[in-house]
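Colleague: Could you look at this predicted model? Sequence included:
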Amino acid sequence: MTLIETRDICKIYRTGSVELNALMNVSASIEEGEFVAVMGPSGSGKSTFMHILGCLDTPSSGQYFLEGNDVGSLDRDQRAHIRNKEIGFVFQGFNLLPRTSAIENVELPMLYNGLPSRDRRGRAAEALKNVGLSGREDAHPGQLSGGQQQRVAIARALVNNATIILADEPTGNLDTKTSAEVMELFTRLNTESNITIILVTHEQDIAAYSRRIIRFLDGHIISDEQTGGS
Amino acid sequence: MIDIPTAIRISFRALNRNKMRSALTMLGIIIGVGAVIAMLSIGMGASKRIAEQISSIGSNLIMILPGATTSAGVRMGSGTQTTLTIADAEAIQNECPAVSDVAPIHNGVAQVVFGSQNWSTGVTGTTPGMLAIRDWPLEAGRPFTQQDVRNAAKVCLLGRTVADNLFGEANPVGQVVRIEKVPFSVIGLLSVKGQSPQGQDQDDSIYVPITTAQKKLFGTTFPGMVRRIMAKARSMEDMETAERQITELLRQRHHIGSKQENDFTIRNLTSIMQTAEQSTQVMTLLLAAIASVSLLVGGIGIMNIMLVSVTERTREIGIRMAIGAKTWDIRLQFIIEALTLSLIGGIAGIVAGITSSQLISMIAGWTTIISPYSILLAFGFSGLVGIFFGFYPAYKASLLNPIEALRYE
């Protein structure tokens, strides 16, 4: 089943009279359960593409279908609803709330979908267990290693049963060993739970975990190839 | 949407992180609410004192004075003409339906003697209607009657101050005192009335039947003359009707032509007092308005701190938006935070206001009244201040672009 489909997406940024074409006529489709790496040098448009896929931004023109629904033209709150329900974000800088315990960070997405508070704790604890962080529920981000923080972020992305995880340079702040652990976690989530994973990276060995690599240059897709994965 | 208890918990945690800053911001509200409550309590205390004075002179009171005389072109002032009589008072009682009680008054100052004690005091000759007009009950004994008035009986009612000076602790009822050497039996003791609005001791007086005062104590220029007449209207609304009816009746009785001026003056004592009460109320409102300016300044302090807080937490807002917080989730979080600041400040301000109003009443000796109404008003107002001044920062936060907010360092 086609999960994501973009048709001729353009994104133009205007600063005064200067126009910057960040994306030009980008069409791509991603099936449910895929593990895709998006690569390209900085300024190639890969981050803009990810923001549009993640409903954080809207295309200037073109259409974006998520599970068959046109979501490119939704308003702010409707997009927030989709981000809450369908999409989990994992960032390079983890983006956890400081001075807030791991379990409360994981509970955060559930604050915004009306889940009663008594159900939140249990689900958050389960999500933390799923990423191998049982026992660290009350630790604050400052007390956790980078790899652990990123796993808290992954637990937060999963806690609302997201179908897609969008990871923007998730290993950019991690050492090689921890990077490998995080990537193995993604692989496991992809194969065991059939979660679609789209990850932005510029490291070849990280992209090697995926089974498909889309390369961007100057706002265009220049290659889209299936790889073996690892 | 985010549930309120969670939003409150988040706001408490955020405020707790910057304890000093939160406390200083609240101080603005504490001072504002405290000042409003203290000012209202002082103003209401003053109003109450005036209201008490109004009821001490008697309610719905009308005073009729003889008019001014003109002697060789020199006008002598009101009360110099001697035109009012007991018959006028009786006519008012019988023919003015808006008037419930009438008491003519003929008074003077006299020396009173009992045993070895003596005392100089005001002696008022009047009719039994007087006590009803002044709302003045007896503490002991009986009032004098129409019978006593007809017979010019030598009976008297003592005010508390007179009784204390002549009798000390002893019961004066049944005793005989000499007023200007005329023996009077004391038939009743008046209850304590306190000060008049002019500051006179109303208990320093003796009441006797008017006929007795005219014939045996002070004399009259012509038979039946009285110095003034007091009347009581049936109700507040009847005051004007009563004044009109009395004016018409007296003009007719005194044969005053349509072009001539009245030979008497009518004064509405209650309305004078009510003017005083109204001006106190205006004063109270003015004080409260000045005090609420500080509440306003406190509100601006909240807005200021909330704007700082929104900027500091741009990244947090970005994270919350990315994981699904909607416009109102963000707004609610910051409005509730502002509301928490202002309501906690409001509660502390109520305590501060009550304490300071009690201190003022203790130190300055003023009457202060703290009404639940003024507490509710101040509390509600501080809540409104929180919502009003919290809205703009919350609105600003909710309009942030999530992508830019996430990049904010």
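Modeller: Cool, the structure landed.
Colleague: check contacts around whichever residue of chain B sits closest to chain A.
Modeller: Closest residue of chain B to chain A, CB to the nearest CB: B:Gly324 (2.4 Å). Every residue, glycine included, has its C-beta placed from N, CA and C. Residues in contact with B:Gly324, defined by CB atoms under 8 Å, 6 or more residues apart in numbering or on different chains, are A:80-81, A:83-85, A:109, A:112-113, A:160.
Colleague: which of these tops the neighbour count?
Modeller: Using other CB atoms under 10 Å in any protein chain shown as the neighbour criterion, A:Pro109 leads the contacts of B:Gly324 with 29 neighbours.
Colleague: Is it correct that that residue falls within a strand?
Modeller: No: A:Pro109 is assigned helix when assessed by DSSP: H, G, I helix; E, B strand; the rest coil, not a strand.
Colleague: For it, give its distance to A:Pro59.
Modeller: 25 Å (CB to CB, to the nearest Å).
Colleague: B:Ile363 now?
Modeller: The spacing between B:Ile363 and A:Pro59, counted by CB to CB, is 72 Å.
Colleague: ranges for the helices of chain B?
Modeller: Ranges of helices in chain B, per DSSP state H, are B:4-17, B:19-57, B:86-95, B:129-133, B:146-151, B:160-167, B:210-212, B:239-253, B:269-312, B:314-322, B:327-363, B:372-398, B:402-407.
Colleague: Counting neighbours, go ahead and name the busier of B:Ile363 and A:Pro59.
Modeller: A direct count of neighbours by other CB under 10 Å for B:Ile363 and A:Pro59 places A:Pro59 higher, at 22 against 8.
Colleague: OK, contacts around the closest residue to the more buried one other than its chain neighbours?
Modeller: Spatially, and ignoring its direct neighbours in sequence, A:Pro59 is nearest to A:Ile9 (4.4 Å; CB to CB, 6 or more residues apart in numbering or on different chains). Contacts for A:Ile9 (CB under 8 Å, 6+ apart) come out as A:23, A:25-27, A:49, A:52, A:59, A:61-64, A:72.
Colleague: Check pLDDT for those residues and point me to the minimum.
Modeller: Within the contacts of A:Ile9, A:Gly72 has the lowest pLDDT, namely 84.
Colleague: Also within reach of chain B: list those from the contacts of B:Gly324.
Modeller: Restricting those to those near chain B by CB under 8 Å from any CB of the partner chain leaves A:80-81, A:83-85, A:109, A:112-113, A:160.
Colleague: Nearest to chain B among those?
Modeller: Of all the ones next to chain B among the contacts of B:Gly324, A:Asn84 has the smallest distance to chain B: 2.4 Å, by CB to the nearest CB.
Colleague: Do you know the pLDDT at the residue nearest in space to the middle of chain A?
Modeller: With distances taken as CA atoms, centre = their mean, A:Leu166 lies nearest the centre of chain A, 1.2 Å away. As predicted, A:Leu166 sits at a pLDDT of 96.
Colleague: Show me what the top helix by length along chain A is packed against.
Modeller: In chain A, assigned by DSSP H, the helix with the most residues is helix A:176-193. If you count contacts as 3 or more CB pairs under 8 Å, 6 or more residues apart in numbering or on different chains; DSSP states H and E, helix A:176-193 packs onto strand A:35-39, helix A:146-158, strand A:164-168, strand A:196-200.
Colleague: got a list of contacts for stretch A:142-150?
Modeller: With CB under 8 Å, 6+ apart as the test, stretch A:142-150 has contacts from A:90, A:94, A:96, A:98-99, A:102, A:133, A:136, A:139, A:141, A:152, A:170-171, A:173-175, A:178, A:181-182.
Colleague: Give me the buried entries from these.
Modeller: A:90, A:94, A:96, A:102, A:133, A:136, A:139, A:141, A:152, A:170-171, A:173-174, A:178, A:181-182 (16 or more other CB atoms under 10 Å in any protein chain shown).
Colleague: hang on, isn't A:Ser117 packed against B:Thr6?
Modeller: Yes: A:Ser117 is within contact range of B:Thr6, at 6.4 Å (criterion: CB atoms under 8 Å).
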